[in-house]
Structure formats: structure tokens, C-alpha cells
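[1] sequence plus predicted model, see below.
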Amino acid sequence: MKGPALLAATVLALGLAWQGATAMGWLDPFTVPPPDEILASLPQLVTDEDLARRFATTFLEAFAAALLAVAVGVPLGLLLHRSRLAGAAFEPWVAGIAAAPLVLLYPLFLVLVGRNLGTIVLMGAVAGLPAMVLKTKEGFDGTRPVLLHVAKSYGFGGRQVFWKVLLPSAVPTLANGVRLALVFALINIVGVEFLVNFGGLGQLIADLSDRYELAAMYGAVLFVILVSTCFFVLTERVERWLRPA
Amino acid sequence: MAAAGLSRIAAVRLAAAVLLLAAWEAASWSGLFYRGVLPSVVQIGAALGGLLSDPAFWRHLGTTAMEVAGALAIGGSLGIAAGVLVGGGRLARRAYEPALHDLAPTPKIVFLPILIALFGVGPSSKVAMGALSCFFPVALSVASGMALVDPVHLRVARSFGLSRLRTLRSVHLPSLVRPMVTGLRLGLGVAVIGCLLSEIKLSNRGLGFLAIQFYGQFRIPEMYAVLIVVFALAGFGNLLFARIQPRGQAESKGETP
């Protein structure tokens, strides 16, 4: 219990120092508004800026993108698992793509799809796809050989082996892949929303900064960071719950 | 046998690459997409040649390279310092490591308006964005590296009566090289993203600016050429770090950007 208390104390101390620095005139309130102003702007975000709807938009986009990444990524990962040659040839490619700065491709999607929700969802899906492919392959590859032997000695057919042995043993890794796809999708979606000034939470920040509503903009940034942090923690919990002890 | 396997892999890869290029080319000629949106491979190649022979391109590349280097230097050293402090004590680790871990995958780009308010619209706000992105993977990697320092070494240091600073330098630092390199490698990737995205959003120089300028002028082959260069450079940087990474290093942790 001591750790979280220290963290809370640190955050509080930093906030007070920030407030104090503004009061002493060390920080310019027109570039860094004091915490009390930022907190005071939060209700305004809900009433005037449609925070709830934007929140829903962004998360629906992220879920749609992750769904797309799963729908495409799982079959691809399975293919890489099934064919040893394909796996050896393309797993390093997928790993390379996973490490590449994919979000920089968003102008390409702007050109292909236009400045709309499609671009945002596709961008999120592209960001989540490599992780899903890699985790699918890893999950199926990781099935313990002894389980496969047992299945074979019981005379299981290919389909039975898949549904009764391979898939159940891959579920924890697949869940990890789905979580990564969701996380990467959310990060990139908020980023692209901010960059193209369209959609949910990311656009709110771009909009507030264009209108120079500084306190509200800081508040919105705070909100986005808080919400995404909560989302990561939550998905991590779900994933841990799916993993056998 | 191994050589035959390798050449089969190479053949499959070559076939896939040719197929992808052919599919692109077919899509480009098919007329299914808005005209000019999917330029032919030949056009992109020509644009790439034109780009590489244009001195303005090299100026933009220089700007971006300087920004990324600055981001890596600032974000990297702050990340190492934070990692040492956070990983150094049990209470500090329990208090701050989860926070670092949870904050690491948040979308950093939303801080850009704040950084612009603080550092202006010039390259310094891009450096700040890159540094902020780079900070987290480095700090996380170093913090977990601090936890892995061999306790026997620490006991030896104590029995020799080494001061805290001396222990840090002679015991912790050598075993931190690995996590530092890993952290910086991940940090480089996100620093590139941070710098380029903020150039795309608001700037008048750098590769990100160049790409979005071409987009604005609907010079699509040139835009693709810039993206190709950016991806090639990012891949090259990643390979470089993979080279200097000490051997036997397990893969990274920490999700970015």
C-alpha cells in the first residue's frame, strides 16, 4: 500500500508546486495555466464539447479497428503457423513491419480513402495488425507437442486437433495479441484524429488548441491520458484473467 | 540441406515481393482508384530519383536527423536518469514503475499543442516531442535493468565499503549497458515518429513537412518517395541498434509509441 501512497503524494506535490509557481509568476499562465484552472475547465468539456460522444467515437473506432486487425491477422498468423516455409520467409517481414513507424503512412490513407472515419479506422487496424499476426503464430506454435501426441494417439482428426487442442492452448497468447491490437489501434487512432482534425478525442485537442482555449486543452490532454491509461490497465486485467494460473 | 532451405525462403520472398509490386501496378492501371492516387511503380521510382538529387531534400533530411538526434540525447539521458532513480530503491520502484508502465503506451502526440506553447513552432518543439516519446521506453528498460543487477555484486560492493555513487558507477552501470541499448533502440523508433508527426502537423521544414507539402500539392509520387525514404531510414536505424545490441539479448518490453 505504501507505493501507491507515495505516487499519490508525488502527484499532489507536483500539482501544488505547479500552482505555486504560477502564483509566484514563475510560470506564464498564458502558456501553462495553473492546475485549478485546468480542473475548472473539465465540466465545460462535458457540457460544451460533447466529451461523452467523442469518447464513444474514439473507442468505437478503436474496437472496429481491432476487430479488423483480428479478422485479417488471425488467418494470416495461422497461415504462417501452418506453412513452415511461409513462416520462415515472412515472420521476419511482419516483425520488421511491426517495428516500423506505421502511423506515418496516414497521408497515404488520406489519399486512398479520404479524410473520414474510414482512414482513421484503417490506420488503427494497420497499426494493430502486425502484433495480431505475430501473436497468432506464436500462440499456435507454442502448443506443447505432448498434447498433440496425445490427440494423435486418440485418433483425433485435423479439425478436432485444431478445435480441441491447438485453439484452447493458443487462447492466452491470442488474447495478448488482441490486447496489443486494441492498444496500438487506440494510440494511433487518437494520434490520427489529432493530426487530421477529425473524429473523437484527438480532434477535440486539435480543436481546442486552434481556438487557443488553453486550460480546456490541457484538461482534454489530461483526460485522454487518463482514459487511455485506464483502458490499458483494464485490458491487462482481462488478459491476465484469461491466462491459466 | 540448410542452404537449400535458405534459397527456398529467398525464392518465396522474391516471389512475394514481385507479386506485391505487380498487384500495386495492376491496381494503379485498373482505374478503380481515383486517378493519380496509386501512381505506377515507375513513376514512384522516378520521383525517388528526383528527390534524392534535390539539395532541398537533403536539407529537410538534415533537419529531421538533427531533431531525432536531439530527442534521443535529451529523452535518452532523462530516461536513463529516471530509470536509475525509479529502479534504485524498492519503495521507489513500487511507487513509480507502474505509473511509468501505464503511461508509456499513451498517445504522446496529443502533447504537441502544449509543447508548441512551451517551445514555439520551430524545431525545438519537435525535439521536445521526440524526447517525450523516447523517455518512456528508455526509463522502463533501465528501471527493470536496475532490478536485475546481481545482488551478489551489490553485497561485494558493500563489503568493500563502496560509496553509493561508486557502487552506481562500478556495479550498476556495467550491467545497465544492455537495457540502455534496448531502451534507446525502442526510443529511436518512437522518437522518429514523434519528430515526424509534429513536423507533419505544424512546421516548415523536415521530412514530415515535405511529405505533407507534397500531399497538399497532390504530388503523390513524390509523397510516396518521401515515405519510402523515411521507412528505409527507420529500418536502417533499427538494424544499426540491433547490431550494437549485446548478444543473447531477449526481446524488448514496453509498448510504444
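    Noted; the coordinates are in hand. Numbering: from 1, shown residues only, chains lettered A, B, ... in the order given.
[2] show me what contacts the residue nearest the centre of chain A?
    Nearest residue to the geometric centre of chain A (CA atoms, centre = their mean): A:V183, 1.6 Å. Shown in contact with A:V183 (CB atoms under 8 Å, 6 or more residues apart in numbering or on different chains): A:128, A:231-232, A:235, B:105, B:255. Where you see a C-beta, it was placed from the backbone N, CA and C, and this is true even at glycine.
[3] by neighbour count, which of these wins?
    Comparing the contacts of A:V183 by number of neighbours (other CB atoms under 10 Å in any protein chain shown), A:G128 comes first, having 33 neighbours.
[4] didn't it look like it was pressed against A:L180?
    Yes: taking CB atoms under 8 Å as the definition, A:G128 is a contact partner of A:L180 at 7.0 Å.
[5] how about A:T229: what's its closest non-neighbour residue?
    B:D102 (4.7 Å; CB to CB, 6 or more residues apart in numbering or on different chains).
[6] report the buried residues of the helix or strand where the one you found lies.
    B:D102 is located in helix B:90-103, with elements delineated by DSSP states H and E. Going by neighbour count (16 or more other CB atoms under 10 Å in any protein chain shown), the buried part of helix B:90-103 is B:92-97, B:99-103.
[7] next: stretch B:139-149.
    B:139-146, B:149.
[8] remind me which residues of chain B are low pLDDT?
    Scanning chain B for pLDDT under 70 picks out B:1-5, B:245-257.
[9] which of the helices or strands spans the spatially most central residue of it?
    Per CA atoms, centre = their mean, the C-alpha nearest to the average position across chain B is that of B:G189, at 1.0 Å. Assessed by DSSP H and E, B:G189 sits inside helix B:173-201.
[10] report the buried residues of that helix.
    B:176, B:178-201.
[11] near chain A, list only the ones from those.
    B:189, B:192-193, B:196-197, B:200-201 (CB under 8 Å from any CB of the partner chain).
[12] check the residues you listed against chain A and report the nearest one.
    B:I193 (4.5 Å; CB to the nearest CB).
[13] hmm, the closest one is touching B:S133, no?
    Yes: with contacts counted by CB under 8 Å, B:I193 reaches B:S133, the gap being 6.5 Å.
[14] so what pLDDT did the residue nearest to the centre of chain A get?
    We have a pLDDT of 93 for A:V183.
[15] and after the helix or strand hosting it, which helix or strand comes next?
    Here A:V183 sits within helix A:167-196, counting by DSSP H and E. Going down the chain from helix A:167-196, the next helix or strand is helix A:201-210, by DSSP H and E.
[16] and the very next helix or strand once past that following helix with helix A:201-210, angle?
    Counting by DSSP H and E, the next helix or strand C-terminal to helix A:201-210 is helix A:214-242. Per axes from the mean of the first three to the mean of the last three CA atoms, to 10 degrees, the angle that helix A:214-242 makes with helix A:201-210 is 160 degrees.
[17] packing partners of helix A:214-242?
    When contacts are defined as 3 or more CB pairs under 8 Å, 6 or more residues apart in numbering or on different chains; DSSP states H and E, helix A:214-242 packs onto helix A:35-48, helix A:51-82, helix A:167-196, helix A:201-210, helix B:90-103, helix B:112-119.
[18] put together a markdown table for those, with distance to B:G235 on each row.
    Converted to a markdown table, those look like this (distance: least, CB to CB, whole Å):
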| stretch | distance to B:G235 |
| --- | --- |
| helix A:35-48 | 40 |
| helix A:51-82 | 20 |
| helix A:167-196 | 18 |
| helix A:201-210 | 27 |
| helix B:90-103 | 27 |
| helix B:112-119 | 25 |
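[19] wait, the residue nearest to A:T229 touches A:V227, no?
    No: using CB under 8 Å, B:D102 makes no contact with A:V227, being 11.9 Å away.
[20] send the alpha carbons of the host helix or strand of B:F209 over as CSV?
    Element membership of B:F209, judged by DSSP H and E, is helix B:207-216. Extracted C-alpha coordinates of helix B:207-216, given in CSV (Å, rounded to 0.1, in the frame of the first residue of the first chain):
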residue,chain,number,x,y,z
LEU,B,207,10.8,15.2,-43.9
GLY,B,208,7.4,15.2,-42.3
PHE,B,209,6.7,18.7,-43.6
LEU,B,210,8.0,17.7,-47.0
ALA,B,211,5.6,14.7,-47.2
ILE,B,212,2.6,16.7,-46.2
GLN,B,213,3.6,19.5,-48.5
PHE,B,214,3.7,17.0,-51.4
TYR,B,215,0.3,15.7,-50.3
GLY,B,216,-1.1,19.2,-50.2
